[in-house]
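> Let's see this in three dimensions:
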Amino acid sequence: MILLFLFVFIPPGCDSAKRYTGTYVAVGEGEPSQLETVLELKDDDNGVWTTNENEVPFRWSVKGKEIRLHTKEGGVITGKISDDTITVTLPGDKVMTFKKRHAY
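Just a heads-up that it's a prediction; the model follows:
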């Protein structure tokens, strides 16, 4: 019974997704002082998409090399993830690339 609970309620590979936690900054947007878009992926599968004007909370999950950002309104933004880069396609075919900000 315990094994059934673990397989049903704990997604496989959830520990591997934790390596993607951190802060990602959009690249190629122009001057950072004018506009900065940031994705923060937290350990508890929650996240925040922040711009100069808005802060949008979401839940996130990773399957293979795909990341899914689940908004509270029910929308899902999918993207490709690698070790330190996330690339998402927004409505209107706008592509955004985020690079992980490393703490030194």
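> Please, where are all the helices along the chain?
If you assign secondary structure with DSSP state H, the helices in the chain sit at 2-9, 14-17.
> any idea which of the ones you listed scores lowest on pLDDT?
Across these, helix 2-9 has the smallest mean pLDDT, namely a mean of 42.
> What are the boundaries of the strands in the protein?
For the chain, the strands defined by DSSP state E cover 22-27, 38-41, 46-50, 55-63, 66-71, 76-81, 85-90, 94-101.
> Count the residues that sit near Val38.
By other Cβ atoms under 10 Å, the residues close to Val38 number 15. Placement of C-beta: from N, CA and C, glycine included.
> which non-adjacent residue is nearest it?
Closest residue to Val38 in three dimensions, ignoring its sequence neighbours and counting by Cβ to Cβ, 6 or more residues apart in numbering: Thr50, at 4.6 Å.
> what about the one you found, neighbour count?
Using other Cβ under 10 Å as the criterion, Thr50 is surrounded by 16 other residues.
> May I have the beta-bridge partners of it?
The residues paired with Thr50 through beta bridges, assigned by DSSP bridges, are Val38, Glu55.
> which residues touch it?
With contacts defined as Cβ atoms under 8 Å, 6 or more residues apart in numbering, the neighbours of Thr50 are Thr37, Val38, Leu39, Glu40, Val56.
> My guess is the last one contacts Glu40. True?
Going back to what we said before, that points to Val56. No - proximity of Val56 to Glu40 does not meet the contact threshold set by Cβ atoms under 8 Å, at 11.0 Å.
> who's more crowded, the two?
Between Val56 and Glu40, counting by other Cβ under 10 Å, Glu40 is the more crowded of the two (17 against 13).
> what about the protein, any weak spots by pLDDT?
Across the chain, the stretches falling below the confidence threshold (pLDDT under 70) are 1-16, 29-34, 103-104.
> if we go to 90?
Applying pLDDT under 90 to the chain flags the ranges 1-19, 28-36, 52-54, 72-75, 82-83, 90-94, 101-104.
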